[in-house]
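Student: Fold the following for me, if possible:
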Amino acid sequence: MSTTGTPSAASAHILIVDDDDEVVSLLQRYLGSHGYRISTASDGNRMRQIIVSEAVDLILLDLGLPGDDGLDLTRELRREWHGAVIIVSGRGESVDRVVGLELGADDYVAKPFDLRELLARVRSVLRRAAPARVALPEATAKSDSRLTFAGFVMDMRSRTLAGPTGDIPLTTGEFDLLCVFVGEPGRVLSRDDLMSRLHGREAGPYDRAIDMQITRLRRKIEVDSSKPALLKSVRGAGYLFAAEVSRS
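Tutor: Numbers count the residues shown, from 1 in each chain. Prediction:
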């Protein structure tokens, strides 16, 4: 599967993966009227064909697809594709939300949904997929910077991370989250701090998106994710990036 570029939201390509013709038609008309390019797929096989042959920026993924479980597709996308994913599903149970986010979805919207809220979430995710979306101190925000810490090299131009054993694939959300931490090493950042910088809002009482992203990021950069040495939890306060960061 191919990776995507990072165009402006107005020119973004959205792939709707849903077998409900009425929902697909509604989303196609509504999102298309706001300037987005829309493609559609009714199952996992067609989804794979499209993202291999075209640059897709965001997938709106239903979980109840014929032949493929949507959570399995989310896991597959996060393993082999680096675009953004919003799950849009009739499965509104909290366990599906948590599992979906833990598997790497950027957001989760339950059906029936409000079109304006969905559009706001689409815009938010696409903003995070655009260059320079995370505010970093000037010393680390330059697009030609290469940041190093604990044996890792983070390339801001190509938005890639290399570790001691090779390249480490990061999702859009994971890279953005790491950008925030490397921009302020040694500082405790609360969940509200992180949500505000990444999503432009404070964390809600049931919002676990940041926690899920930190869990996934730890699995990729920690020697032992159950005993994190880089992304440390500070009880009652938030998270702290405990590594010295330098720029080359």
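Student: OK, contacts around residue 175?
Tutor: By Cβ atoms under 8 Å, 6 or more residues apart in numbering, the residues touching residue 175 are 159, 161. Where C-beta positions appear, they are placed from N, C-alpha and C, glycine not excepted.
Student: start at 16 instead
Tutor: Yep, numbering from 16; the last one is residue 190 now.
Student: Let me know the next secondary structure element after the helix or strand bottoming out on mean pLDDT in the chain.
Tutor: Taking mean pLDDT, DSSP states H and E as the measure, the chain has helix 153-156 as its least confident helix or strand, at a mean of 50. Using DSSP states H and E, the next helix or strand after helix 153-156 towards the C-terminus is strand 161-164.
Student: can I see the domain layout of the chain?
Tutor: Domain ranges of the chain: 24-143, 153-262, per automatic domain parsing.
Student: To which secondary structure element is the most centrally placed residue in the chain assigned?
Tutor: Nearest to the mean C-alpha position of the chain, by Cα atoms, centre = their mean, lies residue 188 at 3.3 Å. Applying DSSP H and E as the criterion places residue 188 in helix 187-198.
Student: Run through this protein and note the low-pLDDT ranges.
Tutor: Within the chain, the stretches with pLDDT under 70 are 16-26, 97, 107-109, 111, 144-159, 214-224.
Student: what about the strands in it?
Tutor: Secondary structure of the chain, counting by DSSP state E: strands at 28-32, 52-56, 73-76, 99-104, 122-125, 161-164, 167-170, 175-178, 181-183, 203-204, 246-249, 253-256, 261-262.
Student: Mind giving me the packing neighbours of the fifth one?
Tutor: Spelled out, it's strand 122-125. Under the contact definition 3 or more Cβ pairs under 8 Å, 6 or more residues apart in numbering; DSSP states H and E, strand 122-125 sits against strand 99-104, helix 109-117, helix 130-143.
Student: What's the separation between the residue nearest to the centre of the chain and residue 95?
Tutor: From residue 188 over to residue 95 the distance is 16 Å, taken as Cβ to Cβ, to the nearest Å.
Student: and residue 79, how many residues sit next to it?
Tutor: Neighbourhood size, residue 79 [other Cβ atoms under 10 Å]: 14.
Student: same thing with residue 199?
Tutor: Applying other Cβ under 10 Å, we find 17 residues neighbouring residue 199.
Student: again, but for residue 78
Tutor: 23.
Student: My guess is it contacts residue 87. True?
Tutor: No. Counting by Cβ atoms under 8 Å, residue 87 is not a contact partner of residue 78; they are 9.6 Å apart.
Student: ok, residue 260 - contacts?
Tutor: Neighbouring residues of residue 260 by Cβ under 8 Å, 6+ apart: 155, 162, 163, 164, 197, 200.
Student: mind redoing it with 10 Å?
Tutor: By Cβ atoms under 10 Å, 6 or more residues apart in numbering, the residues touching residue 260 are 154-155, 162-165, 167, 169, 196-201.
Student: What of residue 99?
Tutor: When contacts are counted by Cβ under 10 Å, 6+ apart, residue 99 touches 19, 27, 29, 71-75, 92, 120-122, 137, 139-141, 143-144, 186-188.
Student: redo that, cut-off 6 Å
Tutor: By Cβ atoms under 6 Å, 6 or more residues apart in numbering, residue 99 lies in contact with 73, 121, 140, 144, 187.
Student: Residue 75 now?
Tutor: Residue 75 neighbours (Cβ under 6 Å, 6+ apart): 31, 101, 103.
Student: redo that, cut-off 8 Å
Tutor: The contact partners of residue 75, by Cβ under 8 Å, 6+ apart, come to 29, 30, 31, 32, 33, 42, 101, 103, 137.
Student: circling back: can you say which of the helices and strands packed on strand 122-125 is nearest to residue 49?
Tutor: Residue 49 lies closest to helix 130-143 among the helices and strands packed on strand 122-125, at 6.4 Å (Cβ to Cβ).
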